[in-house]
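*Asks:* Need the 3D shape of this:
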Amino acid sequence: MTQDRTSFVYITYIASTPEKVFEAITRPDVARLYWGHENVSDWAPGSTWRHVRDNDERPVEIVGKVVESAPPHRLVMTWTGASQASEPDSYSRVTFQIEPNDHGVRLSVSHDDLQVGSGMAAGVSKGWPLVLSSLKSYLETGRGFDLSGRARAA
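*Replies:* Numbers count the residues shown, from 1 in each chain. Predicted structure coming up:
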């Protein structure tokens, strides 16, 4: 039996450029400053990517494949817990849509195909709003939230 699926969509406006937003998502050294993780990949379609925490006994938390990469406007990737990578039904999909706007950038993050009631669905429903708020703060002020427990400075 196939489990029910759910999705989340988050939209934020950032006083920045599409290039800087895309870079903040895809460059490990920049993502670490507001996310507390590094997103590691060459970002070519079909490539693997890893969501790496540098201060945890489980350093690789999330893994997946790059589905589509059209810098600086769109990035689509699969997403699952590293411990569930061999379970095809555990994968969900994240789409970053980055569009110029009169106020800077409109960033839309869709996380779909999540298993209803799963730990992953619960985690991302709380995690994305915090991460995206930290990204916005980082790009607009040079300082994101301390999501890793260590002080961050740009």
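*Asks:* For this protein, give me the ranges with low pLDDT.
*Replies:* 1-2, 54-58, 148-154 (pLDDT under 70).
*Asks:* can you pull out the helices in it?
*Replies:* Listed in chain order, the helices of the chain (DSSP state H) span 18-26, 28-35, 119-141.
*Asks:* tell me how far the second one is from the chain's mean position?
*Replies:* Per Cα atoms, centre = their mean, to the nearest Å, the displacement of helix 28-35 from the mean C-alpha position of its chain is 11 Å.
*Asks:* Off-centre distance for stretch 35-44?
*Replies:* Relative to the centre of its chain, stretch 35-44 is centred 9 Å away, using Cα atoms, centre = their mean.
*Asks:* Correction: the previous question concerned stretch 128-146.
*Replies:* Distance, centroid of stretch 128-146 to centroid of chain: 12 Å (Cα atoms, centre = their mean).
*Asks:* Please save the CA atoms from it in PDB.
*Replies:* Extracted as PDB, the C-alpha positions of stretch 128-146 are listed here (Å, rounded to 0.1, in the frame of the first residue of the first chain):
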ATOM      1  CA  TRP A 128      12.100  25.400   6.500                       C
ATOM      2  CA  PRO A 129      10.500  28.600   8.100                       C
ATOM      3  CA  LEU A 130      13.500  28.900  10.400                       C
ATOM      4  CA  VAL A 131      16.100  28.200   7.700                       C
ATOM      5  CA  LEU A 132      14.500  30.600   5.200                       C
ATOM      6  CA  SER A 133      14.200  33.400   7.800                       C
ATOM      7  CA  SER A 134      17.900  32.900   8.700                       C
ATOM      8  CA  LEU A 135      18.800  33.000   4.900                       C
ATOM      9  CA  LYS A 136      16.800  36.300   4.600                       C
ATOM     10  CA  SER A 137      18.600  37.700   7.600                       C
ATOM     11  CA  TYR A 138      22.000  36.600   6.400                       C
ATOM     12  CA  LEU A 139      21.600  38.100   2.900                       C
ATOM     13  CA  GLU A 140      20.100  41.300   4.200                       C
ATOM     14  CA  THR A 141      22.200  42.000   7.300                       C
ATOM     15  CA  GLY A 142      25.200  39.700   6.900                       C
ATOM     16  CA  ARG A 143      24.200  37.600  10.000                       C
ATOM     17  CA  GLY A 144      22.000  34.600  10.000                       C
ATOM     18  CA  PHE A 145      20.600  32.800  13.000                       C
ATOM     19  CA  ASP A 146      22.800  30.500  15.000                       C
END
